[in-house]
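Q: this is a predicted model, with the sequence first.
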Amino acid sequence: MAEETTREYAKSFFLASKLMGRGREESYALYAWCRELDQLVDGEAASGLTTDERARSLDGVAERLRMIFDWDSQAVPTDATYADLALYDATRTVQGFEREPFEDMIRGMRRDLEPNAGAFRTFSEVESYAYQVAGTVALMILPILTIGTNNANDFERRERGVALGIALQMTNIVRDVGEDARDRERVYIAEEDLKLFGGMTRDDVLSMQTPTFDYKCAIELQIQRALMYYAQAREGVVLLPLSSRLVAACIAGLYKRILLTVRENRYDNLNMRAYASKLQKLALLPVLVWGSIVGTNDEDGDMRLDFSDDSESGQAYRVAMCRIFVAIASGDDGDEEIARCADILREIKRGVPGKQPMLSRSRRFVEWYKSSTDFGTYEDERIKIDGGTIFHARR
Ligand SMILES: CC(C)=CCC/C(C)=C/CC/C(C)=C/CC/C(C)=C/[C@@H]1[C@@H](COP(=O)(O)OP(=O)(O)O)[C@]1(C)CC/C=C(\C)CC/C=C(\C)CCC=C(C)C
């Protein structure tokens, strides 16, 4: 039954599971348990329940979880669901499962029941929530992905696995902004991020029908945040046994395709749900499998901002770069914006020692950027960069 649940509701995970060696059934059990938990809060069956009733359901899950992880007892919870039983069996066939990630996920679900569920003041709050509902999945599944290996680089594997979970959650946040706002009055974009672009507020997003330029820039910043986590996770995929490397790389690649589709939809995630078609997934799979075997870096030429500099000038640099990138994506009517932001970048460059603006419009640019140590010059039909300084857009 857990396999059918995964097949029906998680096409990407099910596809990736076909690459698994051992542990496939146990990963289905994990999926079934996580999905059942998620449905208690946001599923159709929960829609008729009060917040208190949903909270009581989570209490029941937590109680049954305690029994599942009570290694000294063989007792099975009398009110166990099929997902509980599947998890009970999985934790007895694969060693190394820990209770904490499951409990942390329940905490994340409880946050979705709180009065401030749909509001996040800072990105740090978003990141913490993303760890609870998605980073924890990595910690749950790592015992399966590392069957038969030693614990070497375990800490790094966990850290980078959590980064992948957060990247996937950030992807879902970017994909579902319209749906979350309309159906649940939730905005999982930090208010501090929205404010950077024209002083936008959470209420502006809740009432927005068509993406504004400022909104598109705020979404680009969320895409950048997600790409940062994908890049962190990529260093961890190589720490997995080969068959698990394929699984992780495919999950990451299939979700990242969704993320980049939001850009192709010109950031209209209010009215369009970005997705990867079955054909796209099947076409992408060999590339992802081969890439994970030969270890090619799937830095797919996307703009990658430096988030390490959290100074005011570092933040201004990221805002200007997002505005330039969206302006470029907006076609010809973006030139004035590019020129204005290029002036800002020129100013900031004095304040951001050693941080060269990175702007990718094409793979050709990325190759130039990655290869050049002294940032010679780059020029295409829209923009010219000389010595790392972005000059006025070409008219
Ligand atoms: C291969 C296989 C069967 C994997 C199953 C993975 C699993 C147990 C997923 C549980 C997903 C789930 C329902 C969690 C509840 C909360 C939630 C909804 C989380 C979001 C997932 C999306 O799930 P959903 O089915 O709703 O999908 P769509 O909305 O339709 O897109 C999340 C985005 C979290 C997903 C997180 C992971 C799969 C963790 C990834 C980490 C690894 C695979 C570890 C990799 C290790 C290294 C070292 C890089």
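A: Cool, got the structure.
Q: what strand or helix carries Val61?
A: Here Val61, judged by DSSP states H and E, is contained in helix 51-68.
Q: and that helix, what does it pack onto?
A: Contacts defined by 3 or more CB pairs under 8 Å, 6 or more residues apart in numbering; DSSP states H and E place helix 51-68 against helix 24-42, helix 82-93, helix 100-111. For the C-beta atoms, the positions are set from N, CA and C on the backbone; glycine is no exception.
Q: comparing these, which comes out most buried?
A: Highest mean neighbour count of the helices and strands packed on helix 51-68: helix 24-42, a mean of 22 (counted as mean count of other CB atoms under 10 Å).
Q: redo the helices and strands packed on helix 51-68 as TSV? Include distance to Glu159 and mean pLDDT.
A: Shown next, in TSV, are those (distance: least, CB to CB, whole Å; pLDDT from 0 to 100):
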stretch	distance to Glu159	mean pLDDT
helix 24-42	20	96
helix 82-93	23	94
helix 100-111	14	97
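Q: let's have those in JSON lines, adding distance to the ligand.
A: JSON lines is the format used below for the helices and strands packed on helix 51-68 (distance: least, CB to the nearest ligand atom, whole Å):
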{"stretch": "helix 24-42", "distance to the ligand": "3"}
{"stretch": "helix 82-93", "distance to the ligand": "10"}
{"stretch": "helix 100-111", "distance to the ligand": "7"}
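Q: CSV for those, including distance to Leu279?
A: As requested, the helices and strands packed on helix 51-68 are exported to CSV (distance: least, CB to CB, whole Å):
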stretch, distance to Leu279
helix 24-42, 24
helix 82-93, 31
helix 100-111, 33
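Q: which residue lies nearest the spatial centre of this structure?
A: Central residue of the chain (CA atoms, centre = their mean): Ala167, 2.4 Å from the mean position.
Q: measure that residue to the ligand for me?
A: To the ligand, Ala167 is 8 Å away according to CB to the nearest ligand atom, to the nearest Å.
Q: just give the nearest non-adjacent residue to that residue, would you?
A: Nearest non-adjacent residue to Ala167, counting by CB to CB, 6 or more residues apart in numbering: Tyr229, 3.6 Å away.
Q: the residue in the stretch 201-350 of the chain that the ligand sits nearest to sits in which helix or strand?
A: Relative to the ligand, the nearest point of the stretch 201-350 of the chain is Gly236 (3.4 Å; CB to the nearest ligand atom). Under the criterion of DSSP H and E, Gly236 resides in helix 213-237.
Q: and the next helix or strand after that helix with the ligand, contact?
A: Where DSSP H and E defines the elements, the next helix or strand beyond helix 213-237 is helix 242-264. Yes - for helix 242-264, a contact with the ligand is found by CB under 6 Å from any ligand atom, at 247-248, 251.
Q: which residues touch the residue nearest to the centre of the chain?
A: If you count contacts by CB atoms under 8 Å, 6 or more residues apart in numbering, Ala167 has them with 226-227, 229-230, 232-233, 252, 255-256.
Q: can I assume it sits in a helix?
A: Yes - assessed with DSSP: H, G, I helix; E, B strand; the rest coil, Ala167 lies in a helix.
Q: which bits of the protein sit near the ligand?
A: Residues of the chain lying close to the ligand by CB under 6 Å from any ligand atom are 6, 9-10, 13, 16-17, 27-28, 30-31, 34-35, 38, 133-134, 137-138, 141, 157, 160-161, 164-165, 168-169, 172, 233, 236-237, 239-240, 247-248, 251.
Q: run the last query once more with 5 Å
A: Residues of the chain lying near the ligand by CB under 5 Å from any ligand atom: 10, 13, 16-17, 27, 30-31, 34-35, 38, 133-134, 137-138, 157, 160-161, 164-165, 168-169, 172, 233, 236-237, 248.
Q: how is the protein divided into domains?
A: Using automatic domain parsing, the domains assigned to the chain come out as 2-300, 303-394.
Q: ranking the ones you listed by burial, who's on top?
A: Among the domains of the chain, domain 2-300 has the highest mean neighbour count (mean count of other CB under 10 Å), at a mean of 18.
Q: now that domain, how far from the centre of its chain.
A: Its chain's C-alpha centre and that of domain 2-300 lie 8 Å apart, by CA atoms, centre = their mean, to the nearest Å.
Q: hang on, the earlier thing: of all the residues of helix 242-264 next to the ligand, which comes closest to Tyr188?
A: Ile251 (20.3 Å; CB to CB).
Q: got the contact list for that closest one?
A: Remark: with contacts taken as CB under 8 Å, 6+ apart, Ile251 is in contact with 12-13, 16, 164, 168.
Q: out of those, list just those in helices.
A: 12-13, 16, 164, 168 (DSSP state H).
Q: can you put those residues in JSON lines and add pLDDT?
A: JSON lines is the format used below for these (pLDDT from 0 to 100):
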{"residue": "Ser12", "pLDDT": "90"}
{"residue": "Phe13", "pLDDT": "93"}
{"residue": "Ala16", "pLDDT": "92"}
{"residue": "Leu164", "pLDDT": "97"}
{"residue": "Leu168", "pLDDT": "98"}
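Q: for the protein, which spans come out with low pLDDT?
A: The chain contains residues with pLDDT under 70 at 152, 296-304, 328, 330-335, 338-339, 341-395.
Q: nearest to Gly60, out of the helices and strands packed on helix 51-68?
A: Shortest distance between Gly60 and those, using CB to CB, is found for helix 24-42: 8.7 Å.
Q: show me the contact partners of that closest one.
A: 1-3, 5-6, 9-10, 13, 17, 20, 45-46, 54, 57-58, 61, 81-84, 86-87, 89-90, 93-94, 102, 105-106, 109, 112-113, 133, 137, 140-141, 144, 184.
Q: wait, is Thr136 part of a strand?
A: No - counting by three-state DSSP, one finds Thr136 to be helix, located in no strand.
Q: doesn't Glu98 make contact with it?
A: No - applying CB atoms under 8 Å as the test, Thr136 and Glu98 come out as separate, 10.1 Å apart.
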